[in-house]
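Asks: can't give you the sequence, but here's the structure:
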């Protein structure tokens, strides 16, 4: 049985709010937010409405693990979970649609979403994308149909993000035509692996491939992937030479049996090498279609980008759930008398609006950005846009958005928890458990800080290319340098600030008019990215003439600026995606409300980095002050539409499952108001002491 969220009673618009002529078409907005895979998302949400798929808060770890495995088996048996796989094996070759369904599972239980990702998005996908037809026919059916629960054994205790430096080796024995996998020291144990502690009977293991062709020295060809059986399927005991440990209780996601693995000269057949990008002949001769070891390594890892794409989507969905709970509660909970007989609804307080509404705006931006990431992913993996440039762009976009949305989700869930007071701390209201489960999203599938560094390196490479593109013509180069010098000189003097002040003529309305202009926001956000990239590029320019050690030290000294440039880029990407999404809205009222919401997002980004804009002369002090004042005006305009905006996320109470979002609080408040009204009407209400003394 499911229940429906009770909407708060209609209230007059707060002082300073819009007159209410603009209304949100909630159903149409929900369709827009669901995106191109709307029907698949709805089907997935129907699954998450089934109590058998939902997390039971406080369940012991062992029971939780078995429950999630049971859920996984039901998914495979009853629901469409194989869309990403080849049609000849029962799939649909639908990569984007597959991810859209999987990321919706976070509403049921994040452990289910991640364990499904381990089985089909990592273990089976590694076989699909790194293997060849032999592996597809031999190993993929068992992985797809969960006959072989599998682990994705890449990360090691001593090496997480630095995959190229992992210690596990796979040395080829030409006489036996086998690879010998070995863990040479404790730090090389595979760690944090889903399915490794209990359920997994095989793994895709990443190791340094070492060969010795006839008459040649031993050569390390870098990291490659191998299909390795782990346990006897009947007894579930480790096979000879394989050992492991249970990672035990974690900060969250305890429905997943994370564990460690190590190998003591474990032998697998030569054909167990997943050899799409590198193969070893029977005599030990190594070959690869990609000559460069570095490019080969990044190409192999790039095939697994879907993990980052799905985490971006799941994090956005978690933010939606938290905000739907918090805004609904804030529209019903009352606290403190506001000068009248009734207490004031929480969301009528300015600070409460300040806490929640910018996060609603950010979540809308992240939603539109994720939809574009999903489209780019499907374009590449379907083959339509599978070019080296297309893959590089996809990897950069995923590395931009995954950190932004996962950090954003943690911030959003924590703020929602605090905004719900003590009720938010109760496990039954989902927010503490959701925060705990989402915590590690900022770490796995690429540590967020490391991913931002990858983005920054791409931005620097693009900046360097822009310099090379003008070097062919000395006149163009001179003009380019002159423009750069002029730009620096212009913004390091009071000239820009003086021009802004003169243009505003002391009238805040002129300044606000500029700030709410779409092109002005775009220019401010774009300039922030370009200037930060140019500044760090100039700081790192001497590295070309330094020794490797000194160049690394210089890079390290400017690491923070690199990360901030990447963050600015990712936020600008989200703002642009929001703006493109806004352009698709046909209903005038909805378009007006979403324009205010987009402006709130853009100006919140500017306000958050206001010191940079002031120090670098991009805003005058007067115009900087109007950023905050206009944000306050937008909050008042958006307040009457807050419930519509979170209802458009499309999650019912069967998905939120928080009593405080079910209408119970509304009933409590109405009971209290009825009681006090009756007391006042009957004359039985006691007189306050301060009045009695008068």
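Replies: Yep, it's here. The model shown is predicted, which means the values in this text are computed figures rather than measured ones.

Asks: shaky segments in the stretch 201-350 of the chain?
Replies: Within the stretch 201-350 of the chain, the segments meeting pLDDT under 70 span 338-341.

Asks: what are the boundaries of the strands in it?
Replies: 202-211, 219-229, 242-246, 259-263, 266-269, 279-280, 286-287, 334-337, 343-345 (DSSP state E, counting those that start in this stretch).

Asks: would you turn those strands into JSON lines with distance to residue 81 and mean neighbour count?
Replies: All C-beta spots, glycine's among them, are computed from the backbone N, C-alpha and C. What follows is the strands of the stretch 201-350 of the chain, written out as JSON lines (distance: least, Cβ to Cβ, whole Å; neighbours: other Cβ atoms under 10 Å):
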{"stretch": "strand 202-211", "distance to residue 81": "19", "mean neighbour count": "24"}
{"stretch": "strand 219-229", "distance to residue 81": "21", "mean neighbour count": "21"}
{"stretch": "strand 242-246", "distance to residue 81": "26", "mean neighbour count": "16"}
{"stretch": "strand 259-263", "distance to residue 81": "23", "mean neighbour count": "24"}
{"stretch": "strand 266-269", "distance to residue 81": "28", "mean neighbour count": "17"}
{"stretch": "strand 279-280", "distance to residue 81": "31", "mean neighbour count": "20"}
{"stretch": "strand 286-287", "distance to residue 81": "35", "mean neighbour count": "14"}
{"stretch": "strand 334-337", "distance to residue 81": "45", "mean neighbour count": "12"}
{"stretch": "strand 343-345", "distance to residue 81": "43", "mean neighbour count": "18"}
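
Asks: need the ones you listed in JSON lines (columns: distance to residue 566).
Replies: Output for the strands of the stretch 201-350 of the chain, formatted as JSON lines (distance: least, Cβ to Cβ, whole Å):
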{"stretch": "strand 202-211", "distance to residue 566": "26"}
{"stretch": "strand 219-229", "distance to residue 566": "25"}
{"stretch": "strand 242-246", "distance to residue 566": "36"}
{"stretch": "strand 259-263", "distance to residue 566": "32"}
{"stretch": "strand 266-269", "distance to residue 566": "39"}
{"stretch": "strand 279-280", "distance to residue 566": "36"}
{"stretch": "strand 286-287", "distance to residue 566": "36"}
{"stretch": "strand 334-337", "distance to residue 566": "40"}
{"stretch": "strand 343-345", "distance to residue 566": "40"}
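
Asks: what's the closest of the ones you listed to residue 297?
Replies: In terms of Cβ to Cβ, the element of the strands of the stretch 201-350 of the chain nearest to residue 297 is strand 219-229, at 5.4 Å.

Asks: which strands and helices sit next to the closest one?
Replies: helix 124-130, strand 178-182, strand 202-211, strand 266-269, helix 293-302 (3 or more Cβ pairs under 8 Å, 6 or more residues apart in numbering; DSSP states H and E).

Asks: TSV for the ones you listed, including distance to residue 155?
Replies: Output for these, formatted as TSV (distance: least, Cβ to Cβ, whole Å):
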stretch	distance to residue 155
helix 124-130	13
strand 178-182	16
strand 202-211	9
strand 266-269	18
helix 293-302	12
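
Asks: of these, which is nearest residue 68?
Replies: So among these, helix 124-130 is nearest, using Cβ to Cβ, at 17.1 Å.

Asks: in the helix or strand following that closest one, which residues are buried?
Replies: Note on helix 124-130: by DSSP states H and E, the next helix or strand toward the C-terminus is helix 133-138. Neighbour counts using 16 or more other Cβ atoms under 10 Å place 135-136 of helix 133-138 among the buried residues.

Asks: let me see the mean pLDDT of helix 133-138.
Replies: What helix 133-138 shows for mean pLDDT is 96.

Asks: show me what it packs onto, helices and strands only.
Replies: helix 124-130.
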